[in-house]
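Colleague: Provided below for reference: sequence and predicted model.
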Amino acid sequence: MSKEKMKRIYICQSCNYRSFKWLGRCPDCGVWNSFTEEIETCASGISLNAGGCPERMSEIATRAEGCRIITGIKELDRVLGGGLVPGSVVLLGGEPGIGKSTLLLQFLGHISGLGNKVLYISGEESPEQIRMRAERLGIEMGGKEDFWLAGEVMLERIERYVSELSPMFLAVDSIQTVICEDLESAAGSISQIRESAARLIRMSKPRGLSVFLIGHVTKEGVIAGPRVLEHLVDTVLYFEGERGHAFRILRTVKNRYGPTHEIGVFEMTGAGLREIVNPSEIFLTSRSEAVAGSVVTVCLEGTRPMLVEIQALVSRSYLANPRRTSTGFDANRLAMLVAVGERHLGTVLYDKDIFINVAGGLRIIEPAADLAVLMAIVSSLKGIPIPGGTALFGEVGLTGEVRAVTMSGARLNEAARLGLKCCLIPWMGGKQSDTPKGLGVEFVRDVKVCAERLGL
Ligand SMILES: Nc1ncnc2c1ncn2[C@@H]1O[C@H](COP(=O)(O)OP(=O)(O)OP(=O)(O)O)[C@@H](O)[C@H]1O
Ligand SMILES: [Mg+2]
């Protein structure tokens, strides 16, 4: 450390902008009073190379092949791209109280049950509190388990524990609490987070140690600290869920070793997180009779089709600017669909408040739900229910056409599996995907045809 060059620098705690003198307002992100003085070493951050000589790629590839660790939690394995790659560093982010520590503890419990040595470092809870939670989650503690706990925040000591214990897995809850003594800035500051994470990663790579870091998220919903933290790690997972719902969704934001569009679905219970293998069954509320304003769609999360109920409520507005509120669906897309409805279906919506809700607390990102959202709005406006057992999916274009979406075959199979009778889907230029038995499939070219077919 003493040999490394040190320099004094002012860093914006909001966006990581660097300046050699103090500034009242950050010229980059515009936040006031965000600069703090920090001393940093030139070695800070980067250079994670273990320092090996060049090797032939073919030799390296054979060594690394087929050695993913199955974590024992199927939904987590799916999100990681089929298991955890040994020596990888995973950052788990999420809002306070969403269940990050619970997920981590359950995962470590499984892994240690398989005979691996794990070390859990917590700067937020005492070992006694973690033990209490472990008891609630039913983690086996026979006295011989290789599950080690430490309530610690000093990076230097964490490094010492790792070299003394040589665990297979290290979990740090949370990276914002870790303090590196070499830096003068406070715990949780950008320099501290970056330096601590970089040193943990540097330590892990040559040892083949897998590291799980928990990261807090800011008000804006991004992991607190600079984006550089997300660049340093191999995988970034977000744990999310709506307040008041027991369902939690684990989403990949970045993955160096697998796809980034898979999700894992869990339910928070008293005994911890329960995996939901069939998400359609929970996102589809159980109702026998059809009601106006409710439409079932099949959305795709990664490679996984899910049946979801979209609800719309259209009511007379008493405001100069009528409300357009959506939960779980993009507000800009909703505005576009309202315009398409006015123009191509002749529905009068300028004096109506419109509320959209995706049942079960799911967030739909793909445009395949467009058709269902638009039909739910029209259905609510006219008070005419969509026939029961019907699902719709398709992207709606500005000219009112219904556009094809990916993986319609998988969507149809899921609809048939859950006993739906009929699916209205986009016209695919004469290409007919194999339709599952018992499911009537009708093609609709534009929103007008679709509304007429539904009797709206
Ligand atoms: N006995 C219980 N029964 C049911 N759910 C519980 C019970 N105890 C805790 N929970 C759930 O666990 C959640 C807290 O989980 P956890 O501590 O893992 O969250 P966290 O994301 O680590 O939070 P923080 O950011 O504060 O560390 C609570 O919000 C609650 O939903
Ligand atoms: Mg926690």
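Modeller: It's in. Residues are numbered from 1 along each chain as shown. Ligands and ions are numbered 1, 2, ... in the order given.

Colleague: please report how far residue 291 lies from ligand 1.
Modeller: 31 Å (CB to the nearest ligand atom, to the nearest Å). C-betas here are computed from N, CA, C, even on glycine.

Colleague: now do the SS call for that residue.
Modeller: coil (DSSP: H, G, I helix; E, B strand; the rest coil).

Colleague: wait, isn't it in contact with residue 385?
Modeller: Yes. Residue 291 lies in contact with residue 385 (CB atoms under 8 Å); the separation is 5.4 Å.

Colleague: out of these two, which sits in the more crowded spot?
Modeller: residue 385 (18 against 13; other CB atoms under 10 Å).

Colleague: tell me the phi and psi of that one?
Modeller: Dihedral pair for residue 385: phi -70, psi 150, per degrees, to the nearest 10.

Colleague: who are the neighbours in contact with it?
Modeller: Residue 385 is in contact with 289-292, 294, 379, counting by CB atoms under 8 Å, 6 or more residues apart in numbering.

Colleague: gap between residue 98 and residue 248?
Modeller: According to CB to CB, to the nearest Å, residue 98 stands 7 Å off from residue 248.

Colleague: just residue 13 next, same as before
Modeller: 29 Å.

Colleague: higher neighbour count, the two?
Modeller: Relative neighbour count places residue 248 above the other of residue 13 and residue 248, with 25 against 22, counting by other CB under 10 Å.

Colleague: pretty sure the more buried one contacts residue 272?
Modeller: No. Residue 248 lies out of contact with residue 272 (CB under 8 Å); the separation is 11.1 Å.

Colleague: ok so, going back, pick out the most distant pair among the contacts of residue 385.
Modeller: Using CB to CB, the contacts of residue 385 reach their maximum pairwise distance at 289 and 379, which is 13.9 Å.

Colleague: for whichever residue of the stretch 251-400 of the chain sits closest to ligand 1, the count of nearby residues, please.
Modeller: Going by CB to the nearest ligand atom, ligand 1 is nearest to residue 270 of the stretch 251-400 of the chain, at 3.6 Å. Residues within reach of residue 270, counting by other CB under 10 Å, total 6.

Colleague: phi and psi next, for the nearest residue to it once chain neighbours are set aside.
Modeller: Spatial nearest neighbour of residue 270, excluding adjacent residues (CB to CB, 6 or more residues apart in numbering): residue 136 at 7.3 Å. Main-chain torsions, residue 136, degrees, to the nearest 10: phi -60, psi -40.

Colleague: count the residues that sit near residue 136.
Modeller: 13.

Colleague: how is the protein divided into domains?
Modeller: 1-41, 67-277, 282-453 (automatic domain parsing).

Colleague: and the shortest one, average pLDDT?
Modeller: In this model, domain 1-41 has a mean pLDDT of 77.

Colleague: please identify the buried residues of stretch 239-256?
Modeller: Residues 239-242, 247-252, 255 are the ones in stretch 239-256 that count as buried (16 or more other CB atoms under 10 Å).

Colleague: which other helices and strands does the one helix or strand residue 132 maps to contact?
Modeller: Using DSSP states H and E, residue 132 maps to helix 127-136. Judged by 3 or more CB pairs under 8 Å, 6 or more residues apart in numbering; DSSP states H and E, helix 127-136 is in contact with helix 100-113, strand 147-151.

Colleague: what about residue 128, how many neighbours?
Modeller: 9.

Colleague: before we move on, back to that, my guess is the residue nearest to residue 270 meets residue 130, correct?
Modeller: No. With contact defined as CB under 8 Å, residue 136 does not reach residue 130; the gap is 10.7 Å.

Colleague: ok, the longest strand belonging to the chain: who's next to it in the sheet?
Modeller: Looking across the chain with DSSP state E, the single longest strand is strand 304-316. Paired strands of strand 304-316, with direction, are strand 294-301 (antiparallel), strand 352-358 (antiparallel) (DSSP bridges).

Colleague: distance from the chain centre to the first one, please.
Modeller: Distance of strand 294-301 from its chain centroid, counting by CA atoms, centre = their mean, to the nearest Å, is 19 Å.

Colleague: give me the most central residue, this structure.
Modeller: With distances taken as CA atoms, centre = their mean, residue 251 lies nearest the centre of the chain, 2.5 Å away.

Colleague: ok, now which ones touch that residue?
Modeller: Residue 251 neighbours (CB under 8 Å, 6+ apart): 79, 237-240, 263.

Colleague: likewise for residue 262?
Modeller: Contacts of residue 262 by CB under 8 Å, 6+ apart are 78-79, 81, 252, 301-304.

Colleague: rerun that using 7 Å as the cut-off
Modeller: Residues counted as contacts of residue 262 (CB atoms under 7 Å, 6 or more residues apart in numbering) are 78-79, 252, 302.

Colleague: top helix in this protein by residue count?
Modeller: helix 190-207 (DSSP state H).

Colleague: what residues does this protein put near ligand 1?
Modeller: 94, 96-102, 124, 268, 270 (CB under 6 Å from any ligand atom).

Colleague: now for those residues, which pair is the farthest apart?
Modeller: 124 and 270 (21.1 Å).

Colleague: in a markdown table, list the helices and strands packed on helix 127-136 along with mean neighbour count, distance to residue 26 and mean pLDDT.
Modeller: A markdown table is the format used below for the helices and strands packed on helix 127-136 (neighbours: other CB atoms under 10 Å; distance: least, CB to CB, whole Å; pLDDT from 0 to 100):
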| stretch | mean neighbour count | distance to residue 26 | mean pLDDT |
| --- | --- | --- | --- |
| helix 100-113 | 22 | 29 | 91 |
| strand 147-151 | 18 | 35 | 93 |
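
Colleague: can you redo these as JSON lines with distance to residue 405?
Modeller: Shown next, in JSON lines, are the helices and strands packed on helix 127-136 (distance: least, CB to CB, whole Å):
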{"stretch": "helix 100-113", "distance to residue 405": "31"}
{"stretch": "strand 147-151", "distance to residue 405": "45"}
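
Colleague: between these, which one is closest to residue 309.
Modeller: helix 100-113 (26.7 Å).
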